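Participant: okay, predicted coordinates and the sequence, questions at the end:
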Amino acid sequence: MKALILAGADKDSPFTNFNSNKALVKIQDKEMISYIIDAFKGLEFIDTIAVVGPKEELSPIKEQVDIIVDSSASLTDNILRGASIFSDDEMLLISTSDIPMITPEAIRDFVEKALSMNADFYYPIVSKEENEKKYPGVKRTYVKIKDGVFTGGNIIMVKVAAVKECVKKAEAFMAYRKKPWKLAGIFGLKFVIKFLLGTLTIRELEERVEELFGIKARAIISSYPEIATDVDKDSDLELAARVLS
C-alpha cells in the first residue's frame with residue numbers, strides 16, 4: 001500500500017509565531033509532518049511514502065520519505081499530482097500533514113476495518129463521545145446524524161483509479177469538508193432537510209456519494225480520535241505538545 005501526505009503551503013499561517021509551511025512547524029523540536037511520516041513507517045504494509053508540497057521548503061524532511069512531488073495552489077491538483085506517480089490498481093492512503101498525534105495503531109485499525117468491506121473510497125469518522133473522552137474541551141466540527149454525532153477524519157483510503165476519475169468532481173466537496181451545512185447543499189434538498197432534522201443515516205450518505213461520484217464509498221467508524229484531531233490553531237499546537245511530550 002502507498003501513502004501520500006499533503007503538505008502544500010498555506011497562504012496564511014494559523015500560528016502566532018510561525019509564518020512558514022504549516023507542515024514544518026516544530027513540536028518538541030520535530031517537524032509536525034515527521035510525526036505522520038513516522039506513523040506510516042511503523043506499518044509493515046506501507047512500502048512507499050510520498051509527500052506533495054513545495055520541494056524547496058520541504059528539504060528538511062526529504063531524507064525521511066521516498067518521493068516529494070512539487071505542489072500547486074490547488075488541493076485537488078495536489079491530490080492528482082500525488083496520485084499520478086502510482087498505478088491505477090493500487091490502494092492509496094492520503095493524509096493531511098497536520099495530524100501529529102496520529103499513531104500506527106490508529107491507521108492500522110482504519111485500514112483493517114476498510115479492507116473488510118468492498119469499496120473504492122473509505123473515510124474515517126469519530127464519535128463526539130470518543131473525541132471528548134480522549135481530548136476533553138477540544139473544539140471540533142460535528143455532524144449530527146441518525147447514527148450519532150461524528151467528526152470527520154484527516155486520512156482517506158482510496159483506489160488510485162478512483163482518485164484520478166473523481167477528484168475534480170469532488171473539488172467543492174473538499175472545499176466544504178469543514179462546513180457541513182454547505183456539504184448538505186451539494187447532496188441535494190432532501191439531504192438538507194434530513195441533515196437539519198438529524199435523521200440522515202451513514203448508509204444514505206454512502207449511497208448518495210456513490211450516485212454523485214460513481215464510486216463505492218464507505219464510512220469507517222474509528223475509536224481513535226487522533227485520526228480526526230488536526231492542528232490548525234495555537235491551542236491545538238499546545239495540545240499536541242502536551243500529548244507528544
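Facilitator: Yep, that arrived.
Participant: helices and strands of this structure: which one bottoms out on pLDDT?
Facilitator: The weakest-scoring helix or strand in the chain, judged by mean pLDDT, DSSP states H and E, is helix 171-175 (a mean of 63).
Participant: quick one: the helices in the protein, in order.
Facilitator: With DSSP state H as the criterion, the chain has helices at 32-41, 75-83, 104-115, 128-134, 160-166, 171-175, 180-187, 189-197, 202-213, 234-244.
Participant: what about these, which gets the closest to I94?
Facilitator: Minimum separation from I94 across these (Cβ to Cβ) falls at helix 75-83, 6.6 Å. Where C-beta positions appear, they are placed from N, C-alpha and C, glycine not excepted.
Participant: in CSV: the helices of the chain, plus mean neighbour count.
Facilitator: Shown next, in CSV, are those (neighbours: other Cβ atoms under 10 Å):
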stretch, mean neighbour count
helix 32-41, 21
helix 75-83, 21
helix 104-115, 18
helix 128-134, 15
helix 160-166, 19
helix 171-175, 15
helix 180-187, 16
helix 189-197, 14
helix 202-213, 16
helix 234-244, 15
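Participant: got TSV for those, with distance to L92 too?
Facilitator: Shown next, in TSV, are those (distance: least, Cβ to Cβ, whole Å):
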stretch	distance to L92
helix 32-41	12
helix 75-83	6
helix 104-115	11
helix 128-134	26
helix 160-166	5
helix 171-175	15
helix 180-187	23
helix 189-197	28
helix 202-213	16
helix 234-244	26
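Participant: which stretch in those helices has the least confidence?
Facilitator: Comparing mean pLDDT across those, the weakest is helix 171-175, with a mean of 63.
Participant: so who does the one residue sitting closest to the centre of the chain touch?
Facilitator: Centroid-nearest residue in the chain: N154, 2.2 Å away (criterion: Cα atoms, centre = their mean). For N154, the contacting residues are 95-96, 98-99, 227-228, 230, by Cβ atoms under 8 Å, 6 or more residues apart in numbering.
Participant: check contacts around S72.
Facilitator: Per Cβ under 8 Å, 6+ apart, neighbours of S72: 8, 78, 81.
Participant: could you dump the residues you listed to TSV with distance to A119?
Facilitator: Formatted as TSV, the contacts of S72 follow (distance: Cβ to Cβ, whole Å):
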residue	distance to A119
G8	27
N78	23
R81	24
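Participant: K133: which of the residues you listed is nearest?
Facilitator: G8 (32.5 Å).
Participant: report pLDDT for the closest one.
Facilitator: 83.
Participant: again, but for G137
Facilitator: 83.
Participant: phi, psi for it please.
Facilitator: phi 90, psi -10 (degrees, to the nearest 10).
Participant: burial count for it?
Facilitator: Residues near G137, counting by other Cβ atoms under 10 Å, number 7.
Participant: and it, how far is that from K190?
Facilitator: 35 Å (Cβ to Cβ, to the nearest Å).
Participant: again with E204
Facilitator: Distance from E204 to K190, by Cβ to Cβ: 9 Å.
Participant: now K216
Facilitator: 21 Å.
Participant: same question, V143
Facilitator: 16 Å.
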